[in-house]
Structure formats: C-alpha cells, structure tokens
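Visitor: After the sequence you'll find the predicted model.
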Amino acid sequence: MPSELINKYFRTESLPHIWCPGCGNGIITRAIVKAIDNLNLKQDDVCIVSGIGCSSRASGYLDFNTVHTTHGRALAFATGIKFANPNLHVIVITGDGDCAAIGGNHLIHAARRNIDLTTVVFNNNIYGMTGGQYSPTTPTGDKGTTAPYGNIDANFDLCELAKAAGATYVSRSTVYSANMIIKQVEEGIKNKGFSFIEAISICPTYYGRKNKKGDAVDMMKYLKDNSINKATYEKLSKEEQENKIVVGEIYKTQMPEYTEKYQKIIELF
Amino acid sequence: MSENTVKLMQGNEACVEGAIAAGMRFYAGYPITPSTEIAELSAEKLPRIGGKFIQMEDEIASISAIIGASLAGKKSMTATSGPGFSLKQEGIGYAVMAEIPCVIVNVQRGGPSTGLPTSPAQGDIMQARWGTHGDHSIIALYPSTVREIYDTTIKAFNFAEKYRTPVILLMDEVIAHMREKVKIPDKDEITVINRKKPNIKPDEYLPYKVEENDFVPAMANFGEGYRYHVTGLVHDETGFPTSNHHIAENLVNRLVNKIEDNIEDIVEYEEYQSKDAEEIIVAYGATARSVKSAIDVLRKEGIKIGLFRPITIWPIAEKQLKEISKKVNKITVIEMNMGQYFNEVDRIAGKDTKVNKYNRVNGELITPEEIVSFIKEG
Ligand SMILES: Cc1ncc(C[n+]2csc(CCOP(=O)(O)OP(=O)(O)O)c2C)c(N)n1
Ligand code: SF4
C-alpha cells in the first residue's frame, strides 16, 4: 500500500523506480520529501533539480517543478532558477561524481555565492549509473572498475570542501539514520543561504560487491557501527578516528544571501 | 525611447540594447574577448530595469543558468566567443531537447583553440550548426551592421520564444567593436513575441503535448502552478523519459521539423545588385560589407555581379540559392574560414552552376580590392 507521503508527493505514474534492491537512494529521497512535508511547503513553490546519475533520477519521481539536467550542472541550472525566481525553494539532488568531479567547480562557486539552494549529495562512494568506476569520494585503496588495482587518488571530504568554499549550513548523515537526514534537510531548507547535506548512501551493486562489503544489510550495519557525532569524534585518538563517518551538523553560520544582495542593487534604481 | 533617438553605438552595445528591447531580463556569462562588452553592459543595465545579471564560474555554468532562468520565466541570454561556445555545446543540446527558449551570442574569434583572441574570423559556422551532438535543426542569425545587430538580437529572442529553441547569434569581431550611427526604433515599431502559455487547468497540462496546427507545446513557467518534469532524455508528452523507439523518432522529427517546416518564416537574406546579375557572391557578416564595395567597383567596370547575403545563416536559404543557381554563371562564396559555408552552397547550387570560393583565415578582413581582383581573374 503506498503511503500517504507517496500519494501526495510522488508521481506514481513514473514508478517503479530504476534503483537496485538494497540501494540507499530511496531512503534519502523519502527523507527529502518528508522534510518538505514537515515544513509544509507548497508543492508549486518547490523546485527539485538533479544532475545525471542513479541518484539524480529521483527528480523524475517527485511531484514538484523538476529538472533532470546535464551531468554535473544541477547547481548551475539551480542557480539560474533561484536567481530568476527567488520565491522558489530550490533543492538540488546530486551524486558524489556529479557534484564533486564534473560539477566540482559549480559546487565551490554556488557555496561561495551563498545562494539559497539546498544541496543533498547522495554519496555512494562510486559511479553507480555507469557501472562502478571510482569517484572523488572512493576511499584511497578501494576498488572500482577503473581502479582494478586499488584507487590511488586521495578522496574528498565533501563537507570540509563545502564549508571552506562558503556554505552556511553543512551537515552529514547516513542512510542508516533516516531521521537524521530528514532533520538536516529541514535545517538546510530553513537556512537562508547555501546548504550542503551529505547523505552517505550504499550501492551494494557496485561499490559493495567490488569491495567485498557484503550485502545491503551488511553495508547498513557498517554505517551504523562507524558513524559518530562530531563532538564524540573530536575526543577520540588519531587511530580511533580512522575510517569513522562523522555525522551531524558540521558547520553553521550566517552570511548575506546572494539573491537578497542582488535585490538591494535593483532597489537602488 | 523617443522616435528619433540616434546614437553612436558599438555592435556589442547594440546587442544588449536589442536584447533588452526584446524582453531580456536575465544574463549569465563568463567574459571572453571579443564578446566581453555584452556582459559588462548587461551588468550595468539589467538591475536598472529589474533584471538580473550573474557572472558564472565558466561558460558551461552560464548556459546552464540561462536555461534554468528561462524555465523560471525570464527571457535569458549568454554571450561568448569560440572556446566558450565550444563549452556551451552540451547545454545548447539540452535546450534543443527540452525546448527551452534562450539566446546564445557568439562573437567569433580566430581558432582553433585560443587562436586569435582579438582578430576577426568566421570559423564557427559549422560549430553553430553541428556543435552539439545528435540530430537537430538550429536557428542561427548573422548580422552585418551595428543597427542590424540590434534588429537580429530582437529576432533571435522572438524565434527562441516562438519555436521554443536556443537561438544562436553569430557576430564578427569587427562589427561587435565598431561604432556606427544607429537610429533606435520606437517601441511600437518593434515586434516582441512571448512564449505561448497553457490555458488549461494544471492537472490537465501535458508539458510536451503539441496542439493540432501548432509546432511547439505551450510552456508554463516554474512557480505558476503547473508542475512538470524537464529532462534532456528522450521524453513523451508527459515530459517523462522513455526509450520507446517510436516516441524517440517522433520527438527528434518534431524538433527538426518545427524549424525546417517554417523556413519561410525564419529565413532572411539581403540581395544587392542581384536582379540582372550574371554572377553572384555569397557572403555574410563583415565580409559582405567588403563584398558590397567590391561589387560597386566591378559594376562600374561593366561586370554584372551581385550579392546574396544570408542573415539567417541556419537554416540555409536552400530554395533561394537553388533559384539563383539556375540564373547565374557562377557563384563565389567568400568567407573568413576555409570554406565552411561554401560546402553547403556547393551542395545546393553545384549541380546548376559553377561554385567558387575565396577564403582567408589569418585574422585579417578580406578587403574589397582583393575581392575585385579575385573576381576579375575569375
Ligand atoms: C558529460 C558527461 N560525462 C559523462 C557522463 C556519464 N555519466 C553518467 S552518470 C555518471 C556518474 C554518476 O556518478 P554519481 O554522480 O556518483 O551518481 P550515482 O550514479 O552513483 O548515483 C557518469 C560518469 C555523462 N552523462 N555526461
Ligand atoms: S547501481 Fe548502485 S547507486 Fe545505482 S541504483 Fe544500483 S545500488 Fe543504487
């Protein structure tokens, strides 16, 4: 039986979705919708913009103003939409490859502008849609189809990147703790400025299999056992900190928002 | 502006003025010579009329932003030059596929690559036509004077809205930077076309359904109560992706035919001294101006020669060129590239008449004198 949430916010005609059994994308998508519902936003005022990738297909399933853009460009499309019509709540759905590799430049600049977008990265540590190549968040040493001998690239801490670039709300969660994602997306939408929410997801089909992480349940268990909030993490020794997933609010500040600053220029005349 | 506003205006300035007259209220761009003044002037003028200017991080971001802004209801433009135009190609393809009206200005410079940044060139004729991947038609306009830049920029916006397509405005560095006296037309002399909006209830709206006797679907702006999905994937009338072969074929055909079936409406050209001409030169943009001077000289010497100047460079004026080819002994295509338009003209006219070419790619204009001697040596 489809839940009330599905009936209200999902385009049931565009289902079933393309995601594999055990994929974490559904959990994050539901969390976004639940956050929108909790905030009582009008569907006509919400715009969901996604890039290209497994996770980015979410836009098609949701009953809002939705755009499935080109690979990596969701934030640039979203910038145009938000700047042209600041009344819209613009939420960006993107993958780790989409936002940190091909779209990395747009990520740092959207953050730098502090334009009022809420970006949710579905981070599965791999390129899912193209079949398991390594991404900028694949841990060094892990395998992908294009890193058959282990990935030698250093991997990005996306939250630190967003924070350094100027995002005014930064947080991380995992698909194990769905309620945390809901809370963070709510906070992100409420924040007047660039919000960056990294949701660690699981891709049992590629990342899981390639790196012998077990099935979806094992991967979920891993997220549970290795997630730790920021305050506790900071008390740990260097060795204990290794491989931990720091979750919770990473950074929050207040800075003037981009579309509001431009409005002040318009009002000069 | 009053009826008789006469201004000394630069080509790039005329582009911005024309765009604003056409309703442009959103500009996103990344500076590049020789198009930069278009960004600078847009930055100065747009907020004064409630419009928006944003300098994006690169050209890909710029075209993405104008597509987004167009979806949110603003008439949008970006301007660039050769290397930036290459970067925009994926976005142009997206705008073709998702039928998003927008205008892309390319003030050309010498290439390939960083090429000759401050010199004129006409090397992006084929990039404008086929730069993005896949089968599609495209509208590209090519003005030849500063006043015409004003007019064709308005036309570019009108075609973009009417045909729900990205429209490319190709310009020459020399005209972009040249100052000429321009009489700005009065508001009521200007035709401004706006996108057709749906007049049905939101729950009945199919964003990609084309009504009978029409060629494009009605377009709702985001935030107006019509929620729909936009994608660069092959999609059906609902806007949702499909890989149905039949729908894919119909969609691509419609995207091509909405332009090709309306060529009469879109194609514009100028003929000069062509009525009794035994010989025709095909040239566009700045080159056509040298050609006109050359024709005046040649006519004085009794040579019956005329000019055919495409203003709509794509789609090509196939019917008109075919007619001309049956009347003249020779057609010479003169352009500042290695013969990009020549190949097209030869395809159309080559069976009926001799088609010659004269080309230059060193960053210098082709002068009337050398055209005169080339024709005389014939
Ligand atoms: C310009 C361009 N380059 C490459 C691709 C191919 N491509 C599609 S999705 C993708 C990677 C997606 O990875 P990610 O963003 O991590 O999303 P996921 O599928 O894992 O959710 C790539 C490389 C493309 N569509 N466009
Ligand atoms: S490939 Fe991975 S990310 Fe993509 S749907 Fe399957 S499990 Fe999810």
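Guide: That came through fine. Ligands and ions are numbered 1, 2, ... in the order given.
Visitor: which bits of chain A sit near chain B?
Guide: A:11, A:13-14, A:43-45, A:47, A:49, A:59-60, A:63-70, A:73, A:76-85, A:87-88, A:105-106, A:109, A:262, A:265-266, A:268-269 (C-beta under 8 Å from any C-beta of the partner chain). (Each C-beta comes from the backbone N, C-alpha and C, glycine too.)
Visitor: Mind checking which of those are buried?
Guide: With burial judged by 16 or more other C-beta atoms under 10 Å in any protein chain shown, the buried subset of the residues of chain A next to chain B is A:11, A:14, A:44-45, A:47, A:49, A:59-60, A:63-70, A:73, A:76-85, A:88, A:105-106, A:109, A:262.
Visitor: and B:Lys326, what is it in contact with?
Guide: B:Asp352, B:Thr353 (C-beta atoms under 8 Å, 6 or more residues apart in numbering or on different chains).
Visitor: got the phi/psi numbers for it?
Guide: When quoted as degrees, to the nearest 10, the phi and psi of B:Lys326 stand at phi -80, psi -20.
Visitor: Let me see the contact set for residue 165.
Guide: Using chain A. A:Leu107, A:Ile108, A:His109, A:Ala111, A:Arg112 are the contacts of A:Ala165 under C-beta under 8 Å, 6+ apart.
Visitor: Chain B was what I was after
Guide: So B:Thr165 contacts B:Ala95, B:Val96, B:Glu99, B:Pro101, B:Ile138, B:Ile139, B:Phe159, B:Lys258, B:Ile259 (C-beta under 8 Å, 6+ apart).
Visitor: Could you check how far the closest residue to the fifth one other than its chain neighbours is from chain A?
Guide: If the residues on either side of it in the chain are set aside, B:Ile138 comes closest to B:Trp314, at 5.2 Å by C-beta to C-beta, 6 or more residues apart in numbering or on different chains. Computed with C-beta to the nearest C-beta, to the nearest Å, the distance linking B:Trp314 and chain A is 23 Å.
Visitor: so B:Trp314 sits right up against B:Gln127, yeah?
Guide: No: judged on C-beta atoms under 8 Å, B:Trp314 makes no contact with B:Gln127 at a distance of 11.1 Å.
Visitor: Same drill for these two, tell me which one is more crowded.
Guide: Neighbours of B:Trp314 and B:Gln127, each counted by other C-beta atoms under 10 Å in any protein chain shown, are more numerous for B:Trp314; the result is 25 against 20.
Visitor: in the sheet, who's paired with the more buried one?
Guide: Beta bridges link B:Trp314 to B:Ala140 when assigned by DSSP bridges.
Visitor: separation between it and ligand 1?
Guide: For B:Trp314, the distance to ligand 1 equals 24 Å [C-beta to the nearest ligand atom, to the nearest Å].
Visitor: In chain A, what residue lies closest to chain B?
Guide: In chain A, the residue that lies nearest chain B is A:Gly80 (2.8 Å; C-beta to the nearest C-beta).
Visitor: Not counting its neighbours along the chain, what's nearest that residue?
Guide: Using C-beta to C-beta, 6+ apart, the nearest residue to A:Gly80 is B:Gly68, at 2.8 Å.
Visitor: residues touching the residue of the stretch 251-378 of chain B found nearest chain A, list them.
Guide: Here the residue of the stretch 251-378 of chain B nearest chain A is B:Leu251; by C-beta to the nearest C-beta that distance is 15.6 Å. With contact taken as C-beta under 8 Å, 6+ apart, B:Leu251 is in contact with B:Val234, B:His235, B:Asp236.
Visitor: Please see if the helix or strand hosting A:Gly80 touches ligand 1.
Guide: In this structure, A:Gly80 sits in helix A:74-84 according to DSSP states H and E. No: Helix A:74-84 lies out of reach of ligand 1 by C-beta under 6 Å from any ligand atom, never closer than 9.9 Å.
Visitor: which is the next helix or strand following that helix?
Guide: For helix A:74-84, the following helix or strand on the C-terminal side (DSSP H and E) is strand A:89-95.
Visitor: Following the chain past that following strand, name the next helix or strand.
Guide: Using DSSP H and E, the helix or strand that follows strand A:89-95 towards the C-terminus is helix A:96-97.
Visitor: Now that A:Gly248 has come up, it's in contact with A:Tyr233, right?
Guide: No: assessed by C-beta under 8 Å, A:Gly248 is found out of contact with A:Tyr233, at 9.1 Å.
Visitor: Looks to me like B:Ser86 is in a helix.
Guide: Yes: counting by DSSP: H, G, I helix; E, B strand; the rest coil, B:Ser86 is found in a helix.
Visitor: residues in contact with it?
Guide: B:Gln127, B:Gly131 are the contacts of B:Ser86 under C-beta under 8 Å, 6+ apart.
Visitor: How about B:Ile66?
Guide: Shown in contact with B:Ile66 (C-beta under 8 Å, 6+ apart): A:Gly80, B:Phe26, B:Tyr27, B:Ala28, B:Ser76, B:Met77, B:Thr78, B:Cys102.
Visitor: mind redoing it with 10 Å?
Guide: B:Ile66 is in contact with A:76-77, A:80, A:84, B:24, B:26-29, B:54, B:56, B:74-78, B:88, B:91, B:95, B:100-104, B:166, counting by C-beta atoms under 10 Å, 6 or more residues apart in numbering or on different chains.
Visitor: Adjacent strands (with direction) for the helix or strand harbouring B:Val105?
Guide: Applying DSSP H and E as the criterion places B:Val105 in strand B:102-107. Using DSSP bridges, the strands paired with strand B:102-107 are strand B:75-80 (parallel), strand B:166-171 (parallel).
Visitor: How far off centre is the last one?
Guide: In this case it means strand B:166-171. 3 Å (C-alpha atoms, centre = their mean, to the nearest Å).
Visitor: again with the first one
Guide: The gap between where strand B:75-80 is centred and where its chain is centred comes out at 12 Å by C-alpha atoms, centre = their mean.
Visitor: per-residue confidence averaged over that strand?
Guide: Strand B:75-80 comes out with an average pLDDT of 98.
Visitor: what angle do it and helix A:74-84 make?
Guide: Angle, strand B:75-80 to helix A:74-84, by axes from the mean of the first three to the mean of the last three C-alpha atoms, to 10 degrees: 130 degrees.
Visitor: Would you mind writing the CA trace of strand B:75-80 as PDB?
Guide: The C-alpha coordinates for strand B:75-80 follow below in PDB (Å, rounded to 0.1, in the frame of the first residue of the first chain):
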ATOM      1  CA  LYS B  75      14.000  35.700 -21.200                       C
ATOM      2  CA  SER B  76      17.700  34.900 -21.000                       C
ATOM      3  CA  MET B  77      20.900  35.300 -22.900                       C
ATOM      4  CA  THR B  78      24.500  34.500 -22.700                       C
ATOM      5  CA  ALA B  79      27.400  35.700 -24.800                       C
ATOM      6  CA  THR B  80      30.700  34.200 -25.600                       C
END
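Visitor: Let's have the contacts of B:Leu251 in TSV, adding neighbour count and distance to A:Cys23.
Guide: Formatted as TSV, the contacts of B:Leu251 follow (neighbours: other C-beta atoms under 10 Å in any protein chain shown; distance: C-beta to C-beta, whole Å):
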residue	neighbour count	distance to A:Cys23
B:Val234	17	24
B:His235	22	24
B:Asp236	16	26
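Visitor: A:Ser3: what's it in contact with?
Guide: Taking C-beta under 10 Å, 6+ apart, we find A:Ser3 in contact with A:Tyr9, A:Phe10, A:Arg30.
Visitor: Generate a PyMOL selection restricted to the buried subset of those.
Guide: In PyMOL syntax, the buried subset of those is picked out as below (16+ other C-beta under 10 Å):
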select buried, chain A and resi 9+10+30
